[in-house]
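1. here is my input; please provide its structure:
(one chain, ligands or ions: 1)
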Amino acid sequence: MREPVPRKRSARLVTRHPARIRVDEEIELRTVREQDAPALFALTDQNREYLRRWLPWVDDTRSAGDTLAFIKSSQEQLRRNDGFQVSVWYRGQLAGVMGYHYWDWTNRKTEIGYWLAAPFQGKGIMTRACRTLVDYAFGKLEFNRVEIRAAAGNDRSRALPERLGFRQEGVLRGAERTASGPADQVVYGLLRSDWEALRSGGGPATRSL
Ligand SMILES: CC(C)(COP(=O)(O)OP(=O)(O)OC[C@H]1O[C@@H](n2cnc3c(N)ncnc32)[C@H](O)[C@@H]1OP(=O)(O)O)[C@@H](O)C(=O)NCCC(=O)NCCS
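-> So this is what the prediction gives:
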């Protein structure tokens, strides 16, 4: 006899996710694929010094094989219905990666992470892309909460949730490993009700950039 499938579980298993998400006329998000490994590794390698300051995995990424392992673990993450990772394309060029660290179906919450290659900074790419994944979390996934966490000294990263109307909720001491050692981590949260209020009030969630 087959085990009965819990209702919530079956409901979430039917969810399908697009391989490509169009953010606007300049930006597209694409689920990471195995054939992207060489290009993604090259981008990481070319930006190694700048990325390693805030992203502890960069020092462990030494070959396209390491990037391939990341892509495979992302595919496995999606199979578990636990989130997805996408490459960020700007005007047809590979610019970075972002995704959901996890999908917590019990508590209906998630956390978004991101990075851009240095030459693509300062164009609003990640703010726009992030807004799309926030919309996806509240819309398609019907979550109640989205988090973004950043090291206290990472001003560029912190500016992003602040731009999008997230609220700073707390600081976790020494919670993040950075190139210069353990750093405090700032937790930003956005609730579905905040998002709806921002949208209806024409706040940062809907303001055209
Ligand atoms: C965090 C990171 C993605 C932020 O990049 P960013 O370019 O500052 O962020 P955005 O793409 O949202 O761009 C915002 C910038 O573009 C400018 N901009 C230009 N056009 C814009 C537009 N249409 N919309 C929004 N901003 C725009 C903004 O004014 C802002 O510039 P400013 O910082 O000089 O004010 C990037 O610095 C990075 O990858 N860092 C290394 C890895 C990292 O720290 N990851 C996060 C770990 S928590």
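2. can you count the residues close to the residue in the chain that the ligand sits nearest to?
-> As assessed by C-beta to the nearest ligand atom, the ligand sits closest to residue 124 within the chain, at 2.2 Å. Any C-beta I mention is one placed from the backbone N, CA and C, and that applies to glycine too. Look at residue 124: counted by other C-beta atoms under 10 Å, it has 15 neighbours.
3. please apply the same query to the one 4 residues further on.
-> Applying other C-beta under 10 Å, we find 17 other residues in the vicinity of residue 128.
4. mind listing the strands the one helix or strand residue 110 maps to pairs with, and their directions?
-> When elements are assigned from DSSP states H and E, residue 110 belongs to strand 109-116. Strand 109-116 has its sheet partners listed here by DSSP bridges as strand 93-104 (antiparallel), strand 145-151 (parallel).
5. which residues sit against the helix or strand following the shortest one?
-> Right, the one you point to is strand 145-151. Following the chain from strand 145-151 toward its C-terminal end, the next helix or strand by DSSP H and E is helix 155-163. Helix 155-163 has contacts (C-beta atoms under 8 Å, 6 or more residues apart in numbering) with 54, 114, 121, 126-127, 130, 148, 150-152, 168, 186, 188, 190, 204.
6. and the end-to-end length of stretch 119-126?
-> Across stretch 119-126, the straight-line distance between its terminal residues is 13 Å, by C-alpha to C-alpha, to the nearest Å.
7. contacts for it next, please.
-> Defining contact as C-beta under 8 Å, 6+ apart, one finds that stretch 119-126 is touched by 26-27, 88, 90, 93, 95-96, 98, 114, 116, 156, 160, 209.
8. any stretches of this protein with poor pLDDT?
-> Judged by pLDDT under 70, the chain has its weakly predicted residues at 1-14, 202-209.
9. need the three-state assignment for residue 28.
-> Three states are possible here, and by DSSP: H, G, I helix; E, B strand; the rest coil the one that applies to residue 28 is strand.
10. gap between it and residue 154?
-> Taking C-beta to C-beta, to the nearest Å as the measure, residue 28 and residue 154 are separated by 26 Å.
11. residues from this protein in reach of the ligand?
-> Residues of the chain that fall close to the ligand, judged by C-beta under 6 Å from any ligand atom: 51, 54-55, 114-116, 121-127, 150, 154, 156-157, 159-160, 209.
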